[in-house]
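Peer 1: I'll drop the sequence and a predicted model, then ask my questions.
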Amino acid sequence: MTFRLRLLGRFQLLSATGESIAITSRKHQALIAMLALSNGKPISRSKLAGLLWAERPEDQARNNLRQAFFTIRHAVEGHGPSPFMIDNESGWIADGEVATDIQGLLEGARMGLVPPEPDAFDGEFLEGVSFKDETLEAWLRIERDRHHNLLVDCLTSLTERLERAGDAAQALLAAQCLLRHDPYHEPSHRVVLRHHLGRGDRARAIRYYDTLKTLFEVHLGVLPDAETQQLANRIRDPQSSSVDLANSKPRVAILPIISLSAGGDHDIIDESLTRKLIGELGRFSPISVVAAATMLAVGARQHTIAEIGQQVGADYVVEIAVQERGGTGWTLVQLIAVQSGTQIWSRKYSSVAADLSEASEAQDALARRISGNLYQTIMRQAANQSATEPEETMAGGKLYLQIFSHVERPTLNGMIRARRLCDRLLAIDPNHVLVRESLAWISFHCCFNGWTDDPLRGFSEARDVALTGLALDEREPYLLSALGLAETYLGNIRSGLDSLKRAVDLNPNDAEFHTWLGIGLTFAGRIDEAQAAFDQADQASPDYPPIFLFRGDAHLAAADHEAAVSCLDRFLTVLPEYNWGRLLRAAAHEALGNAATARQEVSHVRANAARLDGHYIERLLQARATEFRQKLWSRLEVAGLPWSG
């Protein structure tokens, strides 16, 4: 039988059947609040008496406390056993016998659910209560400030989570609840504005902003901040109500490919390979590729790189030359930044073809391989450039590139900043698809590095955000791969593999998709197939760091510990603070008898992520085979990893 206690707003104690229990004394209400806030931990009688009756002698204060418990118990009679307990030393609430509105708020924020009665949070902590005693009044002020901040933080987090998940109606409810406590909370006002805009009610949104602007000017003497004003400008301009960020993606122009004959004739255009490469690179949704017809119409050799870039609006230009002699030859690819006119990457590919049919297949394979190599290079270059720009002046495309940079090089602070950037990007464009894949990966990185309390909740959040994105574009391979990983980590191996394979089918040129498929196959125990997927990833983008992490995992599962260490060494050279990579390497070293090295690895991880203990890893890997989990844990335990704490 659980009693319900309301502390935000006017004090109210309800029985399990919903009957109101009269507690008329303000000090008795404060006593119940103190006990409830201790979350079941006993509070010494001397502390309770000293807070509630600080102006009284100690003996009288303790007697008043005893009398207060008696009066409260008497009030509860007839509604079940009293949950309010006292002995010679302490007072407390029986475990699980009283549910508070504050607990409900915290649980709702954790689960992403608006409380069933959000109006219950309209008032301040113990509203209407005041005390003449300075000690008790000081306690009340402190608790009111603390719970106001707690309420704002919980509702802010809840609102952001609901809006990211695409639940605009529930996000609006949470934002409106928050605004009743803090009428100047601009992020919540922006939620309301976006809600009206999303419903197509521009007139209502404009009226709302005008009222908000007046409120700020009259009461604060300031205007709403720049982000709110930008949103208002979008609302007023019908042409900007649907944001198109395609133009702010990195834009690539592939010059017509020159085929060098044996006689050195430089005028032969390989139109077939040009079209194939543009088509294959166009599979990558985070970048924009100038159409083949446009590039074939450009007299490339009559213009400078800067002129070509300006003519077709490109950030990068790709120059390719092909030479074939008797079925053998090479292809030289150069990537040039338009702004600086400098070459930022080049690679030479060899080719061998015995007949025309093989030559066509070889050309197809070459186009896929070049596109995979180019994509990773372009995104890294564009992300590095965006990292030097002031965040507050960025448009949506640049924000996405900064997010991409943080997700590619994960750190705890980087994940915190990336999540904030994701929220800002969704505020600019609620229908942005790719940012939801980034949110899923933020959750994955946090789970595998011990940067979250509950990895299973993190995997569920990743699945939810991927599904929200797929509702906008069901054929986006980046979201399909994120969904596939989330399902795999949650133990739904078959459906996970289905999504991962669909992503590869939609874009077989991206090393990411082959790598993530390799993870799914590893979880399924199909190690040989996983290694083949990693081989495909390596072809698409050699030296792509995640390949080595997850190939190392597969080697560990196959008990090839030396190969596991070799792969993990390569991965950790690039990302030395990735905790999961260090734990896998520790297990491999322990299996090889390198006990001191294994203990150093575990010690390093524990110093940076205390949550990564045995209990956490058991939940993290609940979808892996029991034998793998047991072997991994036994080795990490020997290396010094505790089960808990």
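Peer 2: Right, received. Where do you want to start?
Peer 1: From now on I want contacts and neighbour counts done on CA atoms only, so please keep to that.
Peer 2: Noted.
Peer 1: Which element is encountered next along the chain beyond the helix or strand of the chain with the lowest mean pLDDT?
Peer 2: Here the helix or strand of the chain ranked lowest by mean pLDDT, DSSP states H and E is strand 268-269, holding a mean of 62. Once the chain leaves strand 268-269, the next helix or strand it forms, by DSSP states H and E, is helix 271-281.
Peer 1: which parts of that next one are buried?
Peer 2: By 16 or more other C-alpha atoms under 10 Å, the buried positions in helix 271-281 come out as 273-281.
Peer 1: Give me the contact list for it.
Peer 2: Here helix 271-281 makes contact (C-alpha atoms under 8 Å, 6 or more residues apart in numbering) with 254-257, 289-292, 296, 363-364, 367-368, 370-372, 375, 509.
Peer 1: if we go to 6 Å?
Peer 2: With C-alpha atoms under 6 Å, 6 or more residues apart in numbering as the test, helix 271-281 has contacts from 256-257, 292, 367-368, 371.
Peer 1: Next, the angle from the helix or strand that contains Gln385 to helix 271-281.
Peer 2: Using DSSP H and E, Gln385 sits within helix 356-386. Angle, helix 356-386 to helix 271-281, by axes from the mean of the first three to the mean of the last three C-alpha atoms, to 10 degrees: 50 degrees.
Peer 1: Rounded mean pLDDT for the following helix or strand past helix 356-386, please.
Peer 2: Counting by DSSP H and E, the next helix or strand C-terminal to helix 356-386 is helix 396-408. Averaged over helix 396-408, pLDDT sits at 85.
Peer 1: List of residues touching helix 396-408?
Peer 2: For helix 396-408, contacts defined as C-alpha under 6 Å, 6+ apart pick out 248-249, 383, 386-387, 414, 418, 425.
Peer 1: picking that back up, for the contacts of helix 271-281, which one is nearest Asn608?
Peer 2: Using C-alpha to C-alpha, Ser371 comes nearest to Asn608 of these, at 38.0 Å.
Peer 1: Quick one: residues contacting the closest one.
Peer 2: Ser371 sits next to Leu281 when contact means C-alpha under 6 Å, 6+ apart.
Peer 1: roughly how far apart are the closest residue to Ser130 other than its chain neighbours and Thr452?
Peer 2: Take Ser130 and drop its neighbours on the chain: the residue closest to it by C-alpha to C-alpha, 6 or more residues apart in numbering is Glu137, 6.6 Å away. Applying C-alpha to C-alpha, to the nearest Å, the value for Glu137 to Thr452 is 37 Å.
Peer 1: for Ile72, same thing?
Peer 2: Distance of Ile72 to Thr452, given as C-alpha to C-alpha: 40 Å.
Peer 1: who has more neighbours, these two?
Peer 2: Taking other C-alpha atoms under 10 Å, Ile72 and Thr452 do not tie; Ile72 has more neighbours (22 against 19).
Peer 1: element containing the more buried one?
Peer 2: Short version, using DSSP H and E: Ile72 is in helix 58-76.
Peer 1: Now do the buried residues in the helix or strand harbouring Leu572.
Peer 2: Using DSSP H and E, Leu572 falls within helix 561-574. The neighbour-count check on helix 561-574 (16+ other C-alpha under 10 Å) flags 561-565, 567-572 as buried.
Peer 1: Pull the residues that contact it.
Peer 2: So helix 561-574 is contacted by 545, 548-549, 552, 555-556, 585, 588 (C-alpha under 6 Å, 6+ apart).
Peer 1: got the CA coordinates for it in CSV?
Peer 2: What follows is helix 561-574 as a C-alpha-only set of coordinates in CSV (Å, rounded to 0.1, in the frame of the first residue of the first chain):
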residue,chain,number,x,y,z
HIS,A,561,44.5,-12.9,-29.2
GLU,A,562,47.6,-11.7,-31.0
ALA,A,563,45.6,-10.5,-34.0
ALA,A,564,43.2,-8.8,-31.6
VAL,A,565,46.0,-6.9,-29.9
SER,A,566,47.4,-5.9,-33.3
CYS,A,567,44.1,-4.5,-34.4
LEU,A,568,43.3,-2.8,-31.1
ASP,A,569,46.8,-1.2,-31.1
ARG,A,570,46.0,0.4,-34.4
PHE,A,571,42.6,1.7,-33.2
LEU,A,572,43.9,3.1,-29.9
THR,A,573,46.7,4.9,-31.7
VAL,A,574,44.0,7.1,-33.2
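Peer 1: Okay, helices next: where are they in the stretch 51-200 of the chain?
Peer 2: Ranges of helices in the stretch 51-200 of the chain, per DSSP state H, counting those that start in this stretch, are 58-76, 101-111, 134-164, 168-181, 186-198.
Peer 1: For Leu223, which three-state class applies?
Peer 2: Following DSSP: H, G, I helix; E, B strand; the rest coil, we place Leu223 in the coil state.
Peer 1: ok so, going back, how about the contacts of helix 271-281, which pair is most distant?
Peer 2: Greatest spacing in these, by C-alpha to C-alpha: Pro256 and Arg368 (16.8 Å).
Peer 1: Counting neighbours, go ahead and name the busier of these two.
Peer 2: A count of neighbours by other C-alpha under 10 Å puts Pro256 above the other of Pro256 and Arg368, at 27 against 24.
Peer 1: got the contact list for the more buried one?
Peer 2: By C-alpha under 6 Å, 6+ apart, the contact set of Pro256 is 274, 296.
Peer 1: From the contacts of helix 561-574, which land in helices?
Peer 2: 545, 548-549, 552, 555-556, 585, 588 (DSSP state H).
Peer 1: Need these in TSV (columns: distance to Ile493, pLDDT and neighbour count).
Peer 2: Output for the ones in helices among the contacts of helix 561-574, formatted as TSV (distance: C-alpha to C-alpha, whole Å; pLDDT from 0 to 100; neighbours: other C-alpha atoms under 10 Å):
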residue	distance to Ile493	pLDDT	neighbour count
Pro545	24	92	20
Phe548	22	96	24
Leu549	20	97	27
Gly552	20	96	29
His555	20	97	23
Leu556	20	97	23
Arg585	25	97	30
Ala588	25	97	31
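Peer 1: I'd like those laid out as TSV, including distance to Leu470.
Peer 2: Output for the ones in helices among the contacts of helix 561-574, formatted as TSV (distance: C-alpha to C-alpha, whole Å):
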residue	distance to Leu470
Pro545	27
Phe548	29
Leu549	27
Gly552	31
His555	33
Leu556	34
Arg585	35
Ala588	38
